[in-house]
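Novice: Build me a model:
(one chain, ligands or ions: 1)
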Amino acid sequence: MSGCIVVVDDERDMLLLLDRIISEESDYRVETFDDPQKALERVQLGGVDLVITDLKMPKMDGISLLEKIQSVDPSVSLVVITAFGTIETAVEATRKGACDFITKPFRRERILVTIENVMNFQSITRENNALREALGKSNGFAQLLGTTPVMRGIFDRIRQVAPTQGTVLITGPSGTGKELVAKALHTHSRRKKSRFVTLNCTAIPENVLESELFGHVKGAFTGAWKDKRGLVEDAHEGTLFLDEIGDLPPILQTKLLRLLQEGEYRPVGGNTTRKADLRFIAATNRLLKEEIARGRFREDLYYRLNVINFELPPLSERRGDIPLLSHHFLKKYATVNGKTITSICPLAMQRLMALDYPGNVRELENIIERGVIFCQTETLATQDLFLDNEPPDVPGNDSRSWRHLPFKEAKDQMIASFHRQYIDALLRDNNGNVSRAAQKAGIQRQYLHRLMKESGIVTDDYKGPNELE
Ligand SMILES: Nc1ncnc2c1ncn2[C@@H]1O[C@H](COP(=O)(O)OP(=O)(O)OP(=O)(O)O)[C@@H](O)[C@H]1O
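Specialist: Numbering: from 1, shown residues only. Model (predicted):
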């Protein structure tokens, strides 16, 4: 991987050492500066991916340099190097935006692992930015998004099938976008000026389903005070979308078959048949072949509906679409909630990429919506997402990074990460009340305070407006 790393330290020996370690073990270009002001000027020129800086320097301290770099180019990642004993300043640096800190004396492996992690995040961030730009350019399918080969294939088929009269059956697990595909087929058809009407076969009680679909005439049943149009009539010259078709009761399956075969239907209580000019699209997350085998779905209706089939894959089989979809939902819910959240931090994106998503795109959408609601900065972070079974979420703590560290250093990292996450969850559950939290955890209040200090955690971040200790 290529990239440019700027190293800043007033001690020339340290600059030489870091230059040698990085140049020998990686392909990154290293530029060293003993004057922070000069390093800042270099960042201003652009093309720098990472700045590694000492914290204690006579002309400008590391924190000030960090703040200045962030105002010049917020896309540059920052790592601070600190002497043992000044850990609090290092924690302050991470609160101000540094990705990680390294304590002196450090091991070669520690530096290299940190650099690898940060540079990986950088490349994910760049990908995210490219995706955000791609989002601006429409694929012609309104809200239906995807760039993976399987989604591109679906877009091509939509373009081919939409202008035809062919009946379509869309299958796939819940939340995979079946309704969006149905809408895209309608909006790309010659029927787009007429209505797209949906009948959700599950949502409507069986006894009113027929009248809902075909309408009824006055006096057809108790309560039928006047003639009522059905959805079939509403959809005339347009598209009728039969969602959850697998749940259509048998009696209506027969009536629907007639409509499909002959283009005719009869309103409930009516004596005459009416003609319908419709395009039919049906969707189901059930395996209709199994329903047929169990005698619950008519085989002839299945073949009438399944002229053209769209099979939508679960989100876990097209993970490449997760960044694009995440940014799409971020934009949507930031607008809905009146918030200015413009990016997703690389760590959060890594977590999003790794989830299983039994609820598919709908589940991802819910996670991002929740994240937007809790996010208080311009960047959606892992902690905003409230994902269950949170694994380690700080740089340098996933198994790929600590595997290469010496045992003691790896252990310290894991323990520090555990402290951070445990205390974070504990204080969250107890609204920042340290006494209550310590009691719940079965530890001394003073000990909890010490752990909080070491982890750079302050109670104010967890207190509601009325919470007093
Ligand atoms: N490819 C996609 N691009 C953008 N949003 C999507 C995509 N797929 C699904 N969604 C969103 O996910 C949610 C669920 O989609 P949709 O209702 O179309 O799924 P479905 O397969 O019809 O679900 P169900 O079987 O539960 O009815 C919607 O909010 C939709 O906007």
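
Novice: quick one: the helices in the stretch 201-350 of the chain?
Specialist: Secondary structure of the stretch 201-350 of the chain by DSSP state H, counting those that start in this stretch: the helices cover 206-214, 231-234, 250-262, 288-293, 299-305, 322-336, 346-354.

Novice: count of residues packed around residue 202?
Specialist: The tally of other residues near residue 202 (other CB atoms under 10 Å) stands at 10. C-beta coordinates here come from the backbone N, C-alpha and C atoms, glycine included.

Novice: thought it was touching residue 248?
Specialist: No. Contact criterion CB atoms under 8 Å: residue 202 and residue 248 do not qualify, at 9.0 Å.

Novice: circling back: arrange the helices of the stretch 201-350 of the chain in CSV, one row each, with mean pLDDT and mean neighbour count as further columns.
Specialist: Formatted as CSV, those follow (pLDDT from 0 to 100; neighbours: other CB atoms under 10 Å):
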stretch, mean pLDDT, mean neighbour count
helix 206-214, 85, 18
helix 231-234, 92, 18
helix 250-262, 91, 16
helix 288-293, 92, 15
helix 299-305, 94, 17
helix 322-336, 91, 19
helix 346-354, 84, 19
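
Novice: Mind checking those helices for the one nearest to residue 376?
Specialist: helix 322-336 (12.6 Å; CB to CB).

Novice: and that closest one, what does it pack onto?
Specialist: Packing contacts for helix 322-336, counted by 3 or more CB pairs under 8 Å, 6 or more residues apart in numbering; DSSP states H and E, involve helix 108-136, strand 343-344, helix 346-354, helix 360-374.

Novice: who's in contact with the last one?
Specialist: Just to be clear, that refers to helix 360-374. Applying CB atoms under 8 Å, 6 or more residues apart in numbering, the contact partners of helix 360-374 are 173-177, 314-315, 322, 325-326, 329-330, 333-334, 337, 339, 341, 348, 352, 355, 357, 359, 380, 384-387.

Novice: interface residues of the stretch 201-350 of the chain facing the ligand?
Specialist: With CB under 6 Å from any ligand atom as the criterion, the stretch 201-350 of the chain meets the ligand at residues 283, 285, 325, 328.

Novice: Of the residues you listed, which pair is most distant in space?
Specialist: Farthest pair in those (CB to CB) is 285 and 328. Separation: 22.4 Å.

Novice: Number of residues surrounding residue 273?
Specialist: Neighbours of residue 273 under the rule other CB under 10 Å: 14.

Novice: Not counting its neighbours along the chain, what's nearest it?
Specialist: residue 264 (4.5 Å; CB to CB, 6 or more residues apart in numbering).

Novice: Can you verify my assumption that that neighbour contacts residue 272?
Specialist: No. Under the criterion of CB under 8 Å, residue 264 is not in contact with residue 272, lying 9.9 Å apart.

Novice: Between these two, which has more neighbouring residues?
Specialist: Under the criterion of other CB under 10 Å, the comparison of residue 264 against residue 272 puts residue 264 first, with 12 against 8.

Novice: For that one, give me its contacts.
Specialist: Contacts for residue 264 were tallied using CB under 8 Å, 6+ apart; they are 258, 273, 274, 275, 276.

Novice: Residue 325 now?
Specialist: 145, 146, 361, 364, 365.

Novice: With residue 237 instead?
Specialist: Taking CB under 8 Å, 6+ apart, we find residue 237 in contact with 191, 194, 277, 278.

Novice: No more questions from me, cheers.
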